[in-house]
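Participant: how would this look folded up:
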Amino acid sequence: MSGIIQYRLATEADTDMVVDQRIIFADELGGKQDTQTEAMHRKNLSAYFQRELNKTYICWYATLNGEVAAIGGLVIRTQPGNIKNPSGIWGYIMNIYTRPQDRRKGLSTEILNRLIGSARERGIIAFELHATKEGEQVYVKDGFELHPEPTYRKFIK
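Facilitator: From the prediction side, this is the model:
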């Protein structure tokens, strides 16, 4: 890989960039949304990140030659503890995304490592995520195992 790579922990000053990257990721996964839906999504994301960034949401990103090349986030969730995770605090890893031209260069792996490192500094020992087929190898290589428990969802309109 040629160029200068820098890794940064996102701050409130990075909110617009974090929102932009989340929109790009969502568009790649689910297709481009209409203008009104995207504007509402952008507004909600901006409010969330302004409120939660570096509190219950940790975000690391990589720049390559000054441009954002990869990003990832971790939501800190608290629930009742159990035998394996007595504190009940979980790190939910989400939205690890590398722009297409920079994939397979280790950027996502480094973002994952930094997210886990930041979470461990906060005492978090349990992690979970949902992966795309394209991203699975990054997580499996890091020791994540597919959990047999299915996820059920319900959205109320």
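Participant: what about this structure, any weak spots by pLDDT?
Facilitator: Low-confidence regions of the chain, defined by pLDDT under 70, span residues 1.
Participant: which residues in the chain form strands?
Facilitator: For the chain, the strands identified by DSSP state E occupy 5-9, 57-64, 67-78, 89-98, 126-129, in order along the chain.
Participant: ok, and for the first one, which residues are buried?
Facilitator: I take that to be strand 5-9. Ile5 (16 or more other C-beta atoms under 10 Å). In this view, the C-beta of every residue, glycine as well, is placed from N, C-alpha and C.
Participant: re earlier: would you turn the strands of the chain into TSV with distance to Arg22?
Facilitator: As requested, the strands of the chain are exported to TSV (distance: least, C-beta to C-beta, whole Å):
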stretch	distance to Arg22
strand 5-9	16
strand 57-64	10
strand 67-78	8
strand 89-98	6
strand 126-129	16
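Participant: Quick one: closest of those to Leu107.
Facilitator: Within the strands of the chain, the stretch nearest Leu107 is strand 67-78; the backing value is 3.8 Å (C-beta to C-beta).
Participant: Just the angle for that closest one relative to strand 5-9, thanks.
Facilitator: If you take axes from the mean of the first three to the mean of the last three C-alpha atoms, to 10 degrees, strand 67-78 sits at 30 degrees to strand 5-9.
Participant: which one of the strands of the chain lies closest to Arg114?
Facilitator: Checking these against Arg114 by C-beta to C-beta gives strand 57-64 as the closest, at 4.3 Å.
Participant: The closest one packs against which elements?
Facilitator: Identification of packing neighbours for strand 57-64 by 3 or more C-beta pairs under 8 Å, 6 or more residues apart in numbering; DSSP states H and E yields strand 5-9, helix 15-30, helix 35-52, strand 67-78, helix 107-121.
Participant: So which elements touch the second one?
Facilitator: Same thing as helix 15-30. Using 3+ C-beta pairs under 8 Å, 6+ apart as the contact test, the elements touching helix 15-30 are helix 35-52, strand 57-64, strand 67-78, strand 89-98.
Participant: quick one, it and helix 35-52 angle?
Facilitator: Orientation check (the same axes, to 10 degrees): helix 15-30 against helix 35-52 gives 130 degrees.
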